[in-house]
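Visitor: sequence first, predicted model second:
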Amino acid sequence: MTKAAGAAEPAKAAKPAKAAKATKATKAASSTKAAGAAEPGKPAKPESRLAMVRRARRINRELAEVFPYAHPELDFRNPFELLVATVLSAQTTDLRVNQTTPALFAKYPTPEDLAAAVPEEVEELIRPTGFFRAKTKSIMGLAAALRDDFGGEVPGRLDDLVKLPGVGRKTAFVVLGNAFGVPGITVDTHFMRLARRWRWTESDDPVKIEAEIATIFPKSEWTMLSHRVIFHGRRICHARKPACGACPITHLCPSYGEGETDPEKARKLLKYEMGGLPGQRLNPPPGYPGRPALSLGASEG
């Protein structure tokens with residue numbers, strides 16, 4: 001289980017072996033039919049529930065080999081910082097949150113500090129994350145609730161977390177899984193998109209998707225499954241142009257071909273460490289093969 005991240009080891013270059021593996025898998029896809037794929041001129045055979053579950057679990061196992069370093073991509077040192085950062089991550093990138101929270105937590109390190117803050121000062125600090133007025137109301141509200149109702153501590157129960165301002169099931173499961181070691185499925189936009197592309201579900205309701213996925217995988221896998229799927233969605237299986245030709249699990253994907261299938265063109269679509277670029281965390285955990293992200297306003301020059 002990924003715990004609060006401390007100082008990162010020196011950044012290492014992204015391993016080209018992954019790209020090689022992706023190319024190998026792409027070639028394999030030509031001889032191994034993706035589940036549900038039909039021969040030319042023949043209708044696709046419906047996939048049984050058992051076959052789908054087996055395929056889904058194999059995807060999880062293979063993603064574990066591709067992303068053995070999968071982790072929450074928000075910088076945090078304790079449950080309070082993770083909770084606030086997750087609320088701030090709505091409708092923005094984890095990178096932008098990570099570039100914003102150092103100044104916020106330096107000034108307001110505890111729920112008591114944040115609850116007593118001047119709203120306009122908080123708004124200015126978190127402005128880069130967007131929707132800063134609504135987010136200020138949420139994080140100051142949850143800080144006050146933690147101070148008044150939980151002795152200044154983040155609760156480790158789902159029922160308590162979802163009562164806090166700005167905290168829904170997705171945020172609660174991020175905190176439970178990564179700060180308390182309580183298994184949970186994080187259904188964000190990436191997870192939802194890939195679960196549908198892989199035909200694990202046909203629903204577009206996050207709560208229903210969560211319930212359906214929970215019946216496919218053992219509870220012990222829920223948190224790491226979430227990280228792996230989200231990593232894959234951010235790096236390879238993008239919303240608008242999936243890098244199908246550089247994907248290591250094409251042989252298991254019934255949606256292969258929705259994106260760029262040419263290996264060379266697909267490799268140019270890879271993001272973060274898979275594309276040789278900085279990741280989203282300023283302080284990535286040990287074992288992350290890419291480069292740390294840059295602080296707000298910094299440049300690589």
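Guide: Yes, it's here.

Visitor: so which strand or helix has the residue nearest the centre of the chain?
Guide: The centroid of the chain falls nearest to Ile230 when counting by C-alpha atoms, centre = their mean (3.8 Å). Taking DSSP states H and E as the criterion, Ile230 maps to helix 222-235.

Visitor: repeat for Glu121
Guide: helix 119-126.

Visitor: for that helix, packing partners?
Guide: helix 94-107, helix 132-149 (3 or more C-beta pairs under 8 Å, 6 or more residues apart in numbering; DSSP states H and E). C-betas here are computed from N, CA, C, even on glycine.

Visitor: wait, which of those helices is closest to Ser226?
Guide: If you check each of the helices and strands packed on helix 119-126 against Ser226 by C-beta to C-beta, helix 94-107 wins as the nearest, at 13.7 Å.

Visitor: how far off centre is the closest one?
Guide: 18 Å (C-alpha atoms, centre = their mean, to the nearest Å).

Visitor: dump the helices and strands packed on helix 119-126 to JSON lines, plus mean neighbour count.
Guide: Listed next are the helices and strands packed on helix 119-126 as JSON lines, based on neighbours: other C-beta atoms under 10 Å:
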{"stretch": "helix 94-107", "mean neighbour count": "19"}
{"stretch": "helix 132-149", "mean neighbour count": "19"}
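
Visitor: turn the ones you listed into JSON lines, including mean pLDDT and distance to Ala85.
Guide: Output for these, formatted as JSON lines (pLDDT from 0 to 100; distance: least, C-beta to C-beta, whole Å):
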{"stretch": "helix 94-107", "mean pLDDT": "97", "distance to Ala85": "5"}
{"stretch": "helix 132-149", "mean pLDDT": "98", "distance to Ala85": "10"}
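
Visitor: of all those, which lies closest to Arg55?
Guide: Closest among these, using C-beta to C-beta: helix 94-107, at 29.0 Å.

Visitor: now Gly290: how far from Glu65?
Guide: 17 Å (C-beta to C-beta, to the nearest Å).

Visitor: also Glu273?
Guide: Distance from Glu273 to Glu65, by C-beta to C-beta: 15 Å.
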